[in-house]
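Asks: sequence and predicted model, in that order:
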Amino acid sequence: MKSSCSKSSYYYFWFWLINMLLLHLAVRSQLTTDFYNSSCPSLLKIVRREVKKALMNEMRMGGSLLRLHFHDCFVNGCDGSILLDGGDDVEKSALPNLNSVRGFDVIDTIKSSVESACNGVVSCADIVAIAARDSVLLSGGPSWSVLLGRRDGTVSNGSLANQVLPSPFDPLDSIVTKFANVGLNLTDVVSLSGAHTIGRSRCVFFSNRLSNFSGTGAPDSTLDSTMLTDLQNLCPQNGDGNTTAVLDRNSSDLFDNHYFKNLLSGKGILSSDQILFSSDAANSTTKPLVQSYSNNAALFFVDFVNSMIKMGNINPKTGSDGEIRKNCRVINS
């Protein structure tokens with residue numbers, strides 16, 4: 001048994017190392033970790049300082065900044081387009097984001113501080129990526145060297161956001177397909193879902209599980225009974241759908257593997273979380289990964305970091321493409 005475990009660890013190490021090397025080679029031509037070393041050497045310190053202030057004011061902001069990066073990258077790549085103000089068809093107004101995605105004011109504050117130190121140099125898209133990393137680290141999670149050099153997009157597409165962003169109500173196959181459409185695989189689906197170890201969700205995103213789930217006339221049978229009662233009291237029928245509940249029950253502000261432990265006992269808040277373990281489709285796909293991460297926080301951290309790096313490299317604008325926005329909310333005039 002000992003020999004078998006050692007051999008398994010050996011193969012996993014080399015598999016991880018080869019993937020990291022391939023990933024490094026794939027993105028090296030576009031993004032680099034030292035992109036601002038000369039043009040804005042104080043960038044990382046500034047972002048870390050401002051994110052720390054934001055989390056000290058409200059720990060929930062860590063999950064919000066992480067989600068902001070996720071929702072930016074899935075729509076036309078990681079180009080800061082989610083930050084743009086505008087009419088009804090910008091990404092901010094899309095159903096998955098409206099009155100839900102947060103942290104825009106924190107990004108504004110960071111951008112202002114960065115501009116004071118390095119005027120017209122750093123993109124809003126890169127600030128979002130660094131802030132997401134720092135949110136994880138300052139919540140007790142792993143760190144990584146963020147690849148930089150993205151430029152800001154000039155188009156924000158709310159209609160596209162409605163189509164491509166994974167929904168809490170999506171079945172597992174739809175979620176997997178939406179990830180695959182941006183170059184992310186099954187491991188990325190599960191590891192990035194682990195971001196729900198921090199943050200909160202509005203009742204409107206899970207109240208469908210509390211009664212008459214999928215027309216059954218009863219609550220979602222995969223939901224832990226004690227938690228069900230608590231959530232029904234928090235989110236009564238015809239109540240305020242904007243009331244929030246923690247996504248990782250009993251470990252809401254700490255970035256750890258407790259989220260996956262919750263899934264094993266039916267305590268995933270969102271349907272899209274619990275189906276990773278409890279659905280029939282999960283048995284041969286995502287369930288084994290959930291079980292592995294619940295037992296091995298180090299494995300989760302390694303896979304999460306790899307997935308964040310991959311996600312951060314979805315169609316970045318580089319070179320002469322896009323712009324460096326002066327104000328993250330509007331394109332340059």
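Replies: All right, it came through fine. Computed from a predicted structure; not experimentally measured.

Asks: what's in contact with stretch 160-175?
Replies: Residues from elsewhere that reach stretch 160-175, judged by C-beta atoms under 8 Å, 6 or more residues apart in numbering: 71, 74-76, 82, 91, 94-97, 178-179, 181-182, 189, 201, 205-206, 208, 270-272, 275-276, 279, 281-282, 285-286. Yep, even glycine has a C-beta here, placed from its N, CA and C like the rest.

Asks: what's the mean pLDDT across it?
Replies: What stretch 160-175 shows for mean pLDDT is 96.

Asks: just the C-alphas of that stretch, formatted as CSV.
Replies: Only the C-alpha atoms of stretch 160-175 are listed here, as CSV (Å, rounded to 0.1, in the frame of the first residue of the first chain):
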residue,chain,number,x,y,z
LEU,A,160,-23.4,37.4,-24.6
ALA,A,161,-22.9,37.4,-20.8
ASN,A,162,-26.5,36.0,-20.5
GLN,A,163,-25.5,33.2,-22.9
VAL,A,164,-22.1,32.1,-21.7
LEU,A,165,-21.9,32.6,-18.0
PRO,A,166,-22.6,29.5,-15.9
SER,A,167,-25.9,29.8,-14.0
PRO,A,168,-26.7,28.5,-10.5
PHE,A,169,-29.7,26.8,-12.2
ASP,A,170,-27.8,25.1,-15.0
PRO,A,171,-27.6,21.3,-15.1
LEU,A,172,-24.1,19.8,-14.8
ASP,A,173,-23.7,19.1,-18.5
SER,A,174,-24.5,22.7,-19.4
ILE,A,175,-21.9,24.0,-16.9
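
Asks: how far off centre is it?
Replies: Here stretch 160-175 is found 14 Å from its chain centre; the criterion is C-alpha atoms, centre = their mean, to the nearest Å.

Asks: re earlier: just the buried ones from the contacts of stretch 160-175?
Replies: 71, 74-76, 82, 91, 94, 96-97, 178-179, 182, 189, 201, 205-206, 208, 270-272, 275-276, 279, 281-282, 285-286 (16 or more other C-beta atoms under 10 Å).

Asks: now, the contacts of stretch 160-175 that are in strands?
Replies: Ser201 (DSSP state E).

Asks: need phi/psi at the closest residue to Trp144 other than its chain neighbours.
Replies: Ranked by C-beta to C-beta, 6 or more residues apart in numbering and with sequence neighbours excluded, the top spatial neighbour of Trp144 is Val305, at 4.6 Å. Per-residue torsions, Val305: phi -60, psi -50 (degrees, to the nearest 10).

Asks: would you confirm that Val305 contacts Val146?
Replies: No. Using C-beta atoms under 8 Å, Val305 makes no contact with Val146, being 10.6 Å away.

Asks: the residue nearest to Trp144: neighbouring residues, count only.
Replies: Residue neighbour count, defined by other C-beta atoms under 10 Å, stands at 19 for Val305.

Asks: give me the distance between it and Asp240.
Replies: 37 Å (C-beta to C-beta, to the nearest Å).

Asks: can you map out the strands along the protein?
Replies: Using DSSP E, strands in the chain cover 200-202, 244-246.

Asks: a markdown table for the ones you listed, including mean pLDDT?
Replies: Shown next, in a markdown table, are the strands of the chain (pLDDT from 0 to 100):
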| stretch | mean pLDDT |
| --- | --- |
| strand 200-202 | 95 |
| strand 244-246 | 95 |
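
Asks: show me the one of those that comes nearest Ile331.
Replies: strand 200-202 (29.9 Å; C-beta to C-beta).

Asks: thinking again about what came up before, nearest to Phe255, of the strands of the chain?
Replies: Closest among these, using C-beta to C-beta: strand 244-246, at 13.2 Å.

Asks: related to what we said a few turns ago, joint contacts of Val305 and Val146?
Replies: With C-beta under 8 Å, 6+ apart, Val305 and Val146 have no common neighbours.

Asks: burial of Gly80, as a residue count?
Replies: Count around Gly80 with other C-beta under 10 Å applied: 32.

Asks: quick one, what contacts it?
Replies: So, once contact is read as C-beta under 8 Å, 6+ apart, Gly80 ends up touching Asp72, Ser123, Cys124, Ala125, Ile127, Val128, Arg150, Asp152, Gly153, Arg325, Cys328.
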